[in-house]
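[1] Please work out how this folds:
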Amino acid sequence: MIIAQISDTHIALDTPDADRRMRDFENTIADVNALDPAPDVIVHTGDIVHNGRPEEYAEAVRILAKARAPVYVIPGNKDERANLLAAFSPRGYLRPGSDFVQYSVEDYPVRLIAVDTLNTASNKGDFCPERAKRLIDLIDAEATKPVAVFAHHPPFDVPVGPDPNNFETPEMMARLREALQHSGRVAAVFSGHVH
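    This is a model prediction of the structure:
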């Protein structure tokens with residue numbers, strides 16, 4: 001199975017480089033479409049837009065509609081859950097009104113599980129006990145396939161940047177790591193945020 005990951009496109013309509021950001025995003029989708037062999041799926045690991053506004057999501061949806069492979073999204077620290085859900089719910093894999101954007105995709109030889117690390121009060125990630133339980137439940141729901149997990153914030157220290165821990169507290173990062181290691185069936189973890 002081939003998974004194309006994109007992240008941190010930060011679409012904004014009111015910045016001096018707004019046109020460049022959209023053009024770069026469109027070029028990225030064109031490049032992914034041109035891959036041979038083609039990816040089975042594309043997963044955007046967050047910070048789809050920069051201000052969380054509906055009009056920014058409308059542009060992101062327009063650009064992602066050009067993708068040849070199915071596209072799945074999760075929120076990053078710059079995203080706004082309600083507006084993201086409103087924009088992408090018509091694709092059928094998200095539930096509007098959810099507290100967190102966590103879901104699984106069962107249509108492939110590898111199960112795809114999306115994890116919500118959005119912290120509404122900080123750019124750093126959050127991973128509360130409720131999200132940990134949901135992740136463990138999603139992992140345990142099916143036991144025959146390997147699992148790939150997608151989270152915006154990396155569940156490990158990243159030595160570049162001002163702070164290696166990209167979560168609000170080390171305990172939150174440890175909670176995510178422990179949930180990922182719960183079953184031993186998580187084959188890959190994809191994350192964004194650090195760029």
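[2] Report how many residues lie close to T144.
    Neighbours of T144 under the rule other CB atoms under 10 Å: 6. Backbone N, C-alpha and C define where each C-beta goes, glycine included.
[3] give me the element it is part of.
    Under the assignment given by DSSP states H and E, T144 is not contained in any helix or strand.
[4] Run through the residues that contact the most centrally placed residue in the chain.
    Nearest to the mean C-alpha position of the chain, by CA atoms, centre = their mean, lies T45 at 2.6 Å. Contacts for T45 (CB atoms under 8 Å, 6 or more residues apart in numbering) come out as Q5, I6, S7, D8, I74, G76, F150, A151, H152, F190, S191, G192.
[5] By neighbours, which of the residues you listed wins?
    Neighbour counts for the contacts of T45, by other CB under 10 Å, peak at I74, which reaches 31 neighbours.
[6] and the residue lying closest to that one once chain neighbours are set aside, what are its bridge partners?
    In this structure, I74 finds its nearest non-sequential neighbour in A114, 4.5 Å apart by CB to CB, 6 or more residues apart in numbering. With DSSP bridges applied, A114 shows beta-bridge pairing to Y103, F150.
[7] Give the other helices and strands that the longest helix along the chain contacts.
    Identified as the longest helix of the chain according to DSSP state H is helix 18-33. When contacts are defined as 3 or more CB pairs under 8 Å, 6 or more residues apart in numbering; DSSP states H and E, helix 18-33 sits against strand 3-6, helix 54-64.
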